[in-house]
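Q: sequence first, predicted coordinates after that:
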Amino acid sequence: MHERQREPYEVAIAEAWHQVDIYHGADRFLRTFGGLDPIVGAVFAANFCQSEVRNGGLHQFFSNPTGVLAPEALAAFRAMALLDAAQAVEEAMFYFGTPYPREIQERQVRLAAVPGKSRAEWDPFYNLDPRFYGALRGPGDSDRFVEAANSFVAPQSGRAR
């Protein structure tokens, strides 16, 4: 079986998957994330966010450990010129107030308190999800995230690996 060739951004962030800990609290995340090259960190955060959101919406992103990196993902989408995606993430973060709660328990308690039977009722980000998805859709079958991430790591390709 032939394995697909990895995108340049995937190669650039490959080691970050082993270095960054999103599962053991905000302090540990910030310590492990802080050791990354800034380009690698940005693409790692944006990639983790877009992957979670595309898999199950903003609600999944914020209710899972991945929500710890929302501020970094927001900054990364801005730096990568994916401004519509950044705006959707920022609006979703406003739901939690200021300062943004990096600890999963705080986010989960807030999300669990939303009543409703249908997703449109219990998911406070229900109307933001389509905006986020649309922000990453390019012309034809292109993926704006992949294009932006590859462009973002291109000038640093020697250093980001």
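A: On my side now, so go ahead.
Q: need the strands for this structure, in chain order.
A: Counting by DSSP state E, the chain has no strands to list.
Q: which regions of it sit below the pLDDT cut-off?
A: Along the chain, the model assigns pLDDT under 70 to residues 1-2, 155-161.
Q: could you find the closest non-adjacent residue to the residue sitting nearest the centre point of the chain?
A: In the chain, the centroid-proximal residue (Cα atoms, centre = their mean) is C49; its distance is 1.6 Å. Excluding the flanking residues, the one nearest C49 by Cβ to Cβ, 6 or more residues apart in numbering is A73, at 3.6 Å. (Each C-beta comes from the backbone N, C-alpha and C, glycine too.)
Q: contacts only, for the one you found.
A: 45-46, 48-49, 89 (Cβ atoms under 8 Å, 6 or more residues apart in numbering).
Q: roughly how far apart are it and Y23?
A: 17 Å (Cβ to Cβ, to the nearest Å).
Q: could you do F48 as well?
A: 12 Å.
Q: what's the answer for V89, then?
A: Noted for V89: a distance of 21 Å to Y23, by Cβ to Cβ.
Q: with neighbour numbers in mind, choose between the two.
A: Between V89 and Y23, counted using other Cβ atoms under 10 Å, the more crowded position is V89 (30 against 12).
Q: wait, isn't that one in contact with F132?
A: Yes: using Cβ atoms under 8 Å, V89 is in contact with F132, at 7.3 Å.
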